[in-house]
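Chemist: Generate a structure from the sequence data that follows.
(2 chains)
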Amino acid sequence: EAGVVQSPRYKIIEKKQPVAFWCNPISGHNTLYWYLQNLGQGPELLIRYENEEAVDDSQLPKDRFSAERLKGVDSTLKIQPAELGDSAVYLCASSLGLYINEEQYFGPGTRLTVT
Amino acid sequence: AQSVTQLDSQVPVFEEAPVELRCNYSSSVSVYLFWYVQYPNQGLQLLLKYLSGSTLVKGINGFEAEFNKSQTSFHLRKPSVHISDTAEYFCAVTLRGSYNTDKLIFGTGTRLQVFP
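Modeler: So this is what the prediction gives:
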């Protein structure tokens, strides 16, 4: 069974440029998460989808970040424009059901460097 | 605010020695507790979780953890570590947030370094 796939794995951009990350969750998983992981920190939730509905986006900086999960499968996270402080690893995770006590399966992440 | 504290940022240990990675949480309500491991260049992987019942939880790769409600702790242990256990370990707790939706709150991680 394929795991959570993320692309690109690495991205280097200049500040004020746009950037997009893509995530393909495990087949059949209904819940999808995007996390931000700063160096030396644990992951922090940005947004959670149940199927195609964003049920928790309270930590998503909506002035520059946007996300979508069309058809309840793949998801894209976008930053426009990027700032120096956005340099971090962006993790995608998925779980089979809708309950928080279920195991989350994480992708390898996209490491973003903003110069 | 709810929080998770991992008291040790790094734990060096020799192969075959026992290890304990400490985790404390703050919560006035019932919680679910998790330990995830992150190997280099890989995604996080669930080691074990406590939902209810027995306070001693056994996970993969020989790890176990004990839930202590009175001390609000969930320490991770392994009686004999291997070189391959070298990784970053994250403790996490659920938090009921906005929109009445639960979310995982992660600690800052503990780097376990196993030496031969």
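Chemist: Within its sheet, name the partner strands of the lengthiest strand in chain B and how each one runs.
Modeler: In chain B, assigned by DSSP state E, the strand with the most residues is strand B:87-96. Taking DSSP bridges as the criterion, strand B:87-96 forms sheet pairs with strand B:33-38 (antiparallel), strand B:102-106 (antiparallel), strand B:110-115 (antiparallel).
Chemist: Could you say which one of those comes nearest to residue A:98?
Modeler: strand B:102-106 (10.2 Å; Cβ to Cβ). For every residue, glycine as well, the C-beta is placed using N, CA and C.
Chemist: any idea of the mean pLDDT for the closest one?
Modeler: Strand B:102-106 comes out with an average pLDDT of 87.
Chemist: Have a look at chain A and report the helix or strand with the lowest mean pLDDT.
Modeler: Ranking every helix and strand in chain A by mean pLDDT, DSSP states H and E puts strand A:53-56 at the bottom, with a mean of 90.
Chemist: that older thread, which positions in the longest strand of chain B come out as buried?
Modeler: B:87, B:88, B:89, B:90, B:91, B:92, B:93, B:94, B:95 (16 or more other Cβ atoms under 10 Å in any protein chain shown).
Chemist: ok, now stretch A:16-35?
Modeler: Applying a neighbour-count criterion of 16+ other Cβ under 10 Å, one finds A:19, A:21, A:23-26, A:29-35 buried in stretch A:16-35.
Chemist: and the residue most central in space within chain A, what element?
Modeler: The residue lying closest to the centre of chain A (Cα atoms, centre = their mean) is residue A:34, at 3.0 Å. Here residue A:34 sits within strand A:31-37, counting by DSSP states H and E.
Chemist: how close does residue B:75 get to residue B:53?
Modeler: Shown here: residue B:75 relative to residue B:53, a distance of 18 Å by Cβ to Cβ, to the nearest Å.
Chemist: returning to that earlier point: let me see the mean pLDDT of the strand holding residue A:34.
Modeler: Rounded mean pLDDT across strand A:31-37 is 96.
Chemist: which is the next helix or strand following it?
Modeler: strand A:44-50.
Chemist: Give the other helices and strands that that next one contacts.
Modeler: Judged by 3 or more Cβ pairs under 8 Å, 6 or more residues apart in numbering or on different chains; DSSP states H and E, strand A:44-50 is in contact with strand A:31-37, strand A:53-56, strand A:65-68, strand A:75-79, strand B:102-106.
Chemist: Contacts for it, please.
Modeler: A:30-38, A:54-57, A:59-60, A:65, A:67, A:69, A:72, A:75, A:77, A:90, A:98, B:101, B:103-104, B:106 (Cβ atoms under 8 Å, 6 or more residues apart in numbering or on different chains).
Chemist: Next: stretch A:84-95.
Modeler: Outside stretch A:84-95, the residues that touch it by Cβ under 8 Å, 6+ apart are A:4, A:6, A:15, A:21, A:23, A:25-26, A:29-39, A:43, A:46, A:75, A:77, A:79, A:102-107, A:109-115, B:43-44.
Chemist: what's the straight distance from one end of stretch B:63-78 to the other?
Modeler: Across its full length, stretch B:63-78 reaches 5 Å end to end, with Cα to Cα, to the nearest Å as the criterion.
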